[in-house]
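# below are the sequence and a predicted model for it; my questions follow.
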Amino acid sequence: MKKISLGWQIFLGLLLGIIFGTIFHNNQTFISYIKPFGEIFLHLIKMIVIPIVISSLIVGIAGIGDAKKLGKLGAKTILYFEIVTTIALIIGLIAANVVQPGKNIDTNNLKKANITQIIKTTHELKEKGFMETLVNIVPSNIFKSIAEGEMLAIIFFSVIFGLALAKIKEKGKPLIEIFEGIASAMFEITNQIMKFAPIGVFSFMGVTVARFGLNSLIPLSKLVILVYLTMFFFVVVVLGIVAKISGTNLFQILLILKDDLILAFTTASSETVLPDIMEKMEKFGCPKAITSFVIPTGYSFNLDGSTLYQAITVIFITQLYGMQLSFAHQLTLLLTLMVTSKGIAGVPGGSFIVISTTLGSMGLPLEGIAFITGVERIMDMARTTVNVIGNSLAAVVMSKWEKQYNVKKAKIYIKEVKSLRGIKN
């Protein structure tokens, strides 16, 4: 019997999760039994993400070895991220204004969730302010930052440490070799953890459908469909054009990441695929130094799917309350989202916090968030997938911009992937 590929196993887990979730809708016993399997899978992924980011970044930065080169790469990367995410925001605003998904919806027919924690977190972040968030990028205690998963602080420390190892040259080589070994071991652990992915996906989908039910989609179907269609447009048209300009075939990247995209979609978590896409982009011709810097940084600054979704949702909530924003207000909204979507990266429930912060700063109704929590998971799946595609492409774009992309290596890898999938050249 031909072995079923991981991608199909994950898809099967997704399908079974939907079926069983529908059968056991609102069954708390079912939810309590299967929920731990998804949580265990997510914990396994979280367990390895930070060691991989630290070790890969340190080795990659030490490979660059020059602060000026790194500064140049960093400036180009942030510029690229800002341009692409701004385009995503503009497309989201245009789509929401044209389709008007929140118009003529009776809020009495919508389920309203408790958003007390979201509002509390929003107020806490508002009190801290942007400058304090900026200060916190520099860790006062790196072990505390690692324990709390503060990715920007971890990236900052790893970059500084990698540059220091490059500076001390021969004395730093033993440590570089140790971090190379750690990275290799972590990638091997990732391969083993991924065997558990179909069970984790079954748990995630089963719990989601059992808890909210497919009926929760009906009142907000216009919003969900708009989000999915706009995401599809952004990937195929915008990212497709970016790939074309950089001399890359976007569909080759999608082919390489097929299993990862299914996993990211079903789990709605970028962390589940971070180690794998770093490894695959390196095989696709991107140097380790660029891949290990661009992809983890992109998870804080290049969330294309999230920013697009946030723009649509903010406009949706204003339409829900019968409010019309002028061009000047929408321009202010665009500028606000450009800041808030970057300033609180890595916060649990990040997109809701961004939306809440944006609404609050413009005097718009925060309570609107409570109406979309039932379909949040469904939309989260789409935006997570787009985030993964965007960050993977960013690694290729930056590698080509720096003239370090290995075309020969990429061709060999594509040939191998096509052969494994039974695709003829």
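Yep, that arrived.
# got a pLDDT number for G172?
According to the prediction, G172 has pLDDT 87.
# again, but for K258
K258 is assigned 88 on the pLDDT scale.
# pLDDT weak spots in the chain?
1-3, 109-133, 213-217, 342-350, 361, 425 (pLDDT under 70).
# and if we set it to 50?
For the chain, applying pLDDT under 50 flags the ranges 1-2, 345-348.
# endpoints of stretch 397-411, how far apart?
16 Å (Cα to Cα, to the nearest Å).
# an error on my part: the question was meant for stretch 18-36.
One end of stretch 18-36 to the other measures 17 Å (Cα to Cα).
# buried stuff in that stretch?
18, 20-21, 24-25, 30-31, 34-35 (16 or more other Cβ atoms under 10 Å). Using the backbone N, CA and C atoms, a C-beta is placed for each residue, glycine as well.
# ditto for stretch 189-208
In stretch 189-208, counting by 16+ other Cβ under 10 Å, buried: 189-190, 193-194, 197-208.
# want to throw the buried residues of stretch 18-36 into TSV with secondary structure and distance to V135?
Formatted as TSV, those follow (DSSP: H, G, I helix; E, B strand; the rest coil; distance: Cβ to Cβ, whole Å):
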residue	secondary structure	distance to V135
I18	helix	45
F20	helix	47
G21	helix	43
F24	coil	47
H25	coil	47
F30	helix	46
I31	helix	41
I34	helix	42
K35	helix	37
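# thinking again about what came up before, just the ones of the buried residues of stretch 189-208 in strands?
Of the buried residues of stretch 189-208, none are assigned to strands by DSSP state E.
# and of the residues you listed, the nearest to G374?
T208 (10.0 Å; Cβ to Cβ).
# shouldn't the closest one be in contact with R377?
Yes. The pair T208 / R377 is scored as a contact, 4.9 Å apart, by Cβ atoms under 8 Å.
# which residues touch stretch 160-170?
With Cβ atoms under 8 Å, 6 or more residues apart in numbering as the test, stretch 160-170 has contacts from 57-67, 70, 172, 175-176.
# again, but for stretch 81-88
For stretch 81-88, using Cβ under 8 Å, 6+ apart, the contacting residues are 234, 238, 242, 297-298, 301-305, 307-308, 311, 334, 338, 341, 390, 394.
# for K195, see how far away Y309 is.
Distance check for Y309 against K195: by Cβ to Cβ, to the nearest Å, it reads 31 Å.
# and if you look at L163?
37 Å.
# now do P36
Shown here: P36 relative to K195, a distance of 18 Å by Cβ to Cβ.
# L255 now?
Counting by Cβ to Cβ - L255 and K195 are separated by 22 Å.
# same check on V138?
Distance, V138 to K195, using Cβ to Cβ: 39 Å.
# relative to G102, how far out is G92?
Taken as Cβ to Cβ, the span from G92 to G102 is 13 Å.
# before we move on, what SS does Y405 have?
Put simply, Y405 is coil when judged by DSSP: H, G, I helix; E, B strand; the rest coil.
# surely it and E282 touch.
No. With contact defined as Cβ under 8 Å, Y405 does not reach E282; the gap is 11.4 Å.
# now do the helices in the stretch 101-250 of the chain.
Taking DSSP state H, counting those that start in this stretch, the helices of the stretch 101-250 of the chain run over residues 116-135, 142-147, 151-167, 173-193, 197-212, 221-233, 240-245, 250-256.
# report the buried residues of the longest one.
The neighbour-count criterion (16+ other Cβ under 10 Å) identifies 175-176, 179-180, 182-183, 186-187, 189-190, 193 as the buried residues of helix 173-193.
# any chance of CSV for those, columns distance to Q319?
Converted to CSV, these look like this (distance: Cβ to Cβ, whole Å):
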residue, distance to Q319
L175, 56
I176, 54
F179, 51
E180, 53
I182, 50
A183, 48
M186, 46
F187, 46
I189, 47
T190, 43
I193, 42
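# return the member of these nearest to G149.
Using Cβ to Cβ, these come closest to G149 at M186, 15.7 Å.
# A395 touches C286, doesn't it?
Yes. Judged on Cβ under 8 Å, A395 makes contact with C286 at a distance of 4.8 Å.
# contacts only, for the closest residue to I176 other than its chain neighbours.
Excluding the flanking residues, the one nearest I176 by Cβ to Cβ, 6 or more residues apart in numbering is A62, at 5.3 Å. Neighbour list for A62: 162-163, 165-166, 172, 176 [criterion: Cβ under 8 Å, 6+ apart].
# same thing with A289?
60-61, 63-64, 404.
# from these, list just the buried residues.
60-61, 63-64.
# export these to JSON lines and append columns for distance to I40.
Listed next are the buried ones among the contacts of A289 as JSON lines, based on distance: Cβ to Cβ, whole Å:
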{"residue": "G60", "distance to I40": "30"}
{"residue": "I61", "distance to I40": "33"}
{"residue": "G63", "distance to I40": "35"}
{"residue": "I64", "distance to I40": "37"}
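# in helices, which of those fall?
60-61, 63-64 (DSSP state H).
# just the strands in the stretch 1-150 of the chain please.
Ranges of strands within the stretch 1-150 of the chain: none, based on DSSP state E, counting those that start in this stretch.
# next, count neighbours for A75.
A75 has 10 neighbouring residues, counting by other Cβ atoms under 10 Å.
# equivalent analysis for the one 10 residues further on, please.
The tally of other residues near T85 (other Cβ under 10 Å) stands at 24.
# likewise for I423?
The burial count for I423: 11, using other Cβ under 10 Å.
# repeat that for I45.
Neighbourhood size, I45 [other Cβ under 10 Å]: 23.
# again, but for H43
10.
# next one: the one 10 residues further on
Counted with other Cβ under 10 Å, the neighbours of V53 add up to 25.
# with the one 4 residues further on instead?
The number of residues packed around L57, counting by other Cβ under 10 Å, is 28.
# show me the contacts for it.
By Cβ under 8 Å, 6+ apart, L57 lies in contact with 155, 158-159, 162, 292-293, 296.
# could you redo the last one with a cut-off of 6 Å?
Residues near L57 by Cβ atoms under 6 Å, 6 or more residues apart in numbering: 158, 292.
# so which of the helices of the stretch 101-250 of the chain comes closest to W8?
helix 197-212 (9.1 Å).
# could you check the angle helix 173-193 makes with that closest one?
Counting by axes from the mean of the first three to the mean of the last three Cα atoms, to 10 degrees, helix 197-212 lies at 60 degrees to helix 173-193.
# from memory K409 sits against F284, does it?
No. With contacts counted by Cβ atoms under 6 Å, K409 stays clear of F284, the gap being 7.6 Å.
# so which of those two has more stuff around it?
F284 (27 against 15).
# help me confirm that that one comes into contact with I412.
No. The criterion here is Cβ under 6 Å, and F284 misses it with I412 at 9.9 Å.
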